[in-house]
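Asks: my questions are about this predicted structure, shown below with the sequence.
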Amino acid sequence: MSRRLLSCCLWCGREIVESEAGRRRRYCRQSCRQRAYEHRNSLKGTGIPDDSVVLSAQEAADLADRWFAARCAAEDVATAIGEGADTDELRALSVTLLTLTREAERLR
């Protein structure tokens, strides 16, 4: 049976690897599915749309920190290019940038 990368978990943002058969998964783990269920239930009767993403102050601060780190890494790449960095240094900076941007994609 072949496997393919389909999408990201609706709760944590991790990548989901699925088989070709069956329904597409929305969550990477049962715990993410449970957290999403609890979140939906906590919004009932509040007037907040079900598909809204509500972050705590700490989660929002963590997200801002991850994006700041990714922006700094992008600036490092731009500076290295401007200074004529060699291929190995640019490759290492690019790997760091990719890692940080993947982390920044997560909402939680």
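Replies: Cool, the structure landed.
Asks: for Ile48, which non-adjacent residue is spatially closest?
Replies: Setting aside the residues directly before and after it, Ile48 is nearest to Val54 in space (C-beta to C-beta, 6 or more residues apart in numbering), at 6.9 Å. C-beta coordinates here come from the backbone N, C-alpha and C atoms, glycine included.
Asks: number of residues surrounding the one you found?
Replies: Each residue near Val54 was counted by other C-beta atoms under 10 Å, and the total is 11.
Asks: that one touches Arg40, doesn't it?
Replies: No. Applying C-beta atoms under 8 Å as the test, Val54 and Arg40 come out as separate, 10.6 Å apart.
Asks: for the spatially closest residue to Leu10 that is not a sequence neighbour, phi and psi?
Replies: Nearest-residue entry for Leu10: Arg26, 5.0 Å, with adjacent residues in sequence omitted and distances by C-beta to C-beta, 6+ apart. In this entry, Arg26 is assigned phi and psi values of phi -100, psi -20 (degrees, to the nearest 10).
Asks: for the chain, where's the lowest mean pLDDT among helices and strands?
Replies: Comparing every helix and strand of the chain by mean pLDDT, DSSP states H and E singles out strand 3-8 as the least confident one, with a mean of 61.
Asks: helix, strand or coil for the residue nearest to Ile48?
Replies: For Val54, the secondary structure call by DSSP: H, G, I helix; E, B strand; the rest coil comes out as coil.
Asks: same check, this time on Val17
Replies: Applying three-state DSSP to Val17 yields a three-state assignment of strand.
Asks: and for it, the neighbour number?
Replies: A count of nearby residues for Val17, using other C-beta under 10 Å, gives 12.
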